[in-house]
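Student: Structural data only, the sequence is not supplied:
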């Protein structure tokens, strides 16, 4: 019986420690990126609270969104060359620096006007669903 009580106590302690660690979970991000609940999902947002997006047509550390596309889908500027976990800095064709998440270039959407907007999710020409909100992977 004593062994059963010890196992129960150890299990309870591990649950408490695990819950405390989960409650304090903060993904490692660049200074101009944070997380927020948007539409019931935990997403990455910029310093102004604008939702961040990725584009299906981009390659690893290479943006295919330039010109007019980059005026609608604003590249998330990188101000540092230091990587932050899954976040890495990349160079754009115009010589500017942009953040990439797990190799995918990251953008904000000009159609999102206030923090919490995610109007660009699943956007694309003729319903192609090429743009996606950047969800926090836990």
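Tutor: Alright, I've got the coordinates. All figures in this text were calculated on a predicted structure; none of them were measured in a lab.
Student: residue ranges of the helices in the protein, please?
Tutor: For the chain, applying DSSP state H gives helices covering 2-23, 68-72.
Student: buried set for the last one?
Tutor: So that's helix 68-72. residue 70 (16 or more other C-beta atoms under 10 Å). In this view, the C-beta of every residue, glycine as well, is placed from N, C-alpha and C.
Student: Outside of it itself, which residues are in contact with it?
Tutor: 63, 109, 110, 111 (C-beta atoms under 8 Å, 6 or more residues apart in numbering).
Student: For residue 106, see how far away the first one is.
Tutor: Meaning residue 63. 10 Å (C-beta to C-beta, to the nearest Å).
Student: Mutual contacts of those two, please.
Tutor: Common neighbours of residue 63 and residue 106 (C-beta under 8 Å, 6+ apart) are 75, 98.
Student: Look up the pLDDT of residue 12 for me, please.
Tutor: At residue 12, the model reports a pLDDT of 42.
Student: Quick check, residue 60 in contact with residue 105.
Tutor: No: judged on C-beta atoms under 8 Å, residue 60 makes no contact with residue 105 at a distance of 9.3 Å.
Student: Looking only at neighbour counts, state which of the two leads.
Tutor: Per other C-beta atoms under 10 Å, whichever of residue 60 and residue 105 has more neighbours is residue 105, with 24 against 11.
Student: Which of the contacts of helix 68-72 sits closest to residue 34?
Tutor: Of all those, residue 34 sits closest to residue 109, with 17.1 Å by C-beta to C-beta.
Student: tell me the contacts of residue 110?
Tutor: 71, 72, 73, 74.
Student: which ones are touching the residue nearest the centre of the chain?
Tutor: In the chain, the residue lying closest to the centroid (C-alpha atoms, centre = their mean) is residue 44, at 3.6 Å. Neighbouring residues of residue 44 by C-beta under 8 Å, 6+ apart: 29, 33, 34, 35, 51, 52, 101, 106, 134, 135, 136.
Student: Fine by me, thanks again.
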